[in-house]
Every structure is written in C-alpha cells, then in structure tokens.
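A.B. asks: Sequence first, predicted coordinates after that:
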Amino acid sequence: MNQGIFITIEGGEGAGKSSLIGQLANTLQKLGKAVTVTREPGGIPIAEQIRGVILDTANTAMDARTEALLYAAARRQHLVEKVLPALQGGHIVLCDRFVDSSLAYQGHARGLGMEEVWRINEFAIAGVMPHLTLYMDVSPETGLGRIAMNEVREVNRLDLERHSFHERVRAGYQLLLQQFPERMVQIDAEQSPERVLQSAMDVIQRRFAGL
Ligand code: TYD
C-alpha cells in the first residue's frame, strides 16, 4: 500500500486521546521518526464543512443514517487529502478517530448496526485500514467528569447525549476489540497520563520493529 505506519487512537468522550497523541508524537519524534498528527476532519476544508453540519447543535432533526453518511464522507476527504500523502511520504500517522468511531457510535450506540455502517465506510476508505488501533478505555463517569472540568473544550451536541449512550459506545468498542484482536489493543485510560503513554509506547514498539 505505502511505506508509512497508520495508527488510529479511539475512545469515548474524555478518554484523553488528544493528550496521548501529543505525547506519542513527541516521543516518536525524539526517536527520529517523521510523525503526522491529525484528527478527523483534520483541517481539510471540505471535511470541516461536513463536520460542521454534523455537530451543529441546531441540527436536532438529523437522521442517524444521514449522520453516518456525513461522517463517512468527511473521512474519505481527510484520508485522501491528508492521511494517504503522509503515509506515502513514509510518516507515522497518528489519527484521532477513524472508522471504528463510526462503528461504535453510529453502528452500535445509535443502533444502525455495525455491518451496515461498515458497508458505507468500506466504500469511503476503499481498503485503507490502520495498521494498529489504540482504544483508550474509560468509564463514562470518569470521561464525562473530565470534560465537565475542562473549560477550554466546547461542549458539542454529542456530549449532551444521555449517559446510556456513552455506555453503548463503550460496549461497541468492546465488540470491535473482539472482532479485530490483531489490529486493536485496549489501553486503560484511567491510569495516570505517564502510564497511559508508557502502555501505548510498549504496544507500538512491540508491534513495529525498529521503533
Ligand atoms: P471530536 O470533535 O473528535 O471530539 P472528541 O474526539 O474529543 O470526543 O468528535 C466529536 C464527536 O463525534 C464525538 O462525540 C465522537 C463523534 N464521532 C462519531 O459519532 N462518529 C465518527 O465517525 C466520528 C469520527 C466521531
């Protein structure tokens, strides 16, 4: 496919994905690796515009399939404009959320079905899957508590969902871990940030020789 390494970071709300990604990037760069950090929609104008529609608190009428299709569309654009060029340049790409978010949130938590959501995403990603996915596991209590304490981060429409929704998201990720045991590894995100980083680096170094 290409020479780079594609790593995605997944998790529920307040799992600490962005902190971990920043620290992983630092650590890997210190080891002399070229790293691209990105997140869907990744500053890609077309994908940002699509995401703006999804997350607009005014769009309470949005149908679940519409939401799933919009995520897949934004994903496609970000993949083509940002992820693939970085991989072709030999970078380690650390991506905050990818297809597993749609499978857990839209497929499982919203009840569309993981199979159905996989089908539209299969079209969108056209065979490009992460080499490794780190799933950061946190209880909804801890995760939502962290968000409530974080004044910088804006509360979006999905944050406002009921607690049970977040439980279903977590259950969806557990199903994915069973389905993709080779690709997905769970990290206990209730540990201290130092231990979370160490756990993630251990997994990465075990998986990719020479890192
Ligand atoms: P984001 O802005 O990345 O926030 P965070 O990752 O910090 O939680 O994501 C916003 C929301 O979008 C988040 O609640 C997860 C949700 N989401 C989906 O439901 N499906 C998807 O495919 C993606 C990428 C995100």
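C.D. replies: Yep, it's here.
A.B. asks: Make sure residue 133 is actually in contact with residue 185.
C.D. replies: Yes. In this structure, residue 133 is within contact of residue 185 by C-beta atoms under 8 Å, at 7.3 Å. Glycine gets a C-beta too; all of them are placed from N, C-alpha and C.
A.B. asks: Between the two, tell me which one has more neighbours.
C.D. replies: Between residue 133 and residue 185, counting by other C-beta atoms under 10 Å, residue 133 is the more crowded of the two (23 against 19).
A.B. asks: bridging residues for that one?
C.D. replies: Beta bridges link residue 133 to residue 8, residue 184 when assigned by DSSP bridges.
A.B. asks: when you give positions from now on, start the count at 40
C.D. replies: OK, 40 is where the count begins now, so the last one is residue 172.
A.B. asks: and the closest residue to residue 50 other than its chain neighbours, what does it touch?
C.D. replies: Closest residue to residue 50 apart from its sequence neighbours, by C-beta to C-beta, 6 or more residues apart in numbering: residue 175 at 3.5 Å. Going by C-beta atoms under 8 Å, 6 or more residues apart in numbering, residue 175 touches 48, 49, 50, 54, 55, 56, 59, 226, 228, 235.
A.B. asks: Assign a three-state SS to residue 175, would you?
C.D. replies: strand (DSSP: H, G, I helix; E, B strand; the rest coil).
A.B. asks: That one and residue 230, how far apart?
C.D. replies: The span separating residue 175 from residue 230 equals 10 Å under the rule C-beta to C-beta, to the nearest Å.
A.B. asks: One more: residue 141?
C.D. replies: As for residue 141, its distance to residue 230 is 27 Å (criterion: C-beta to C-beta).
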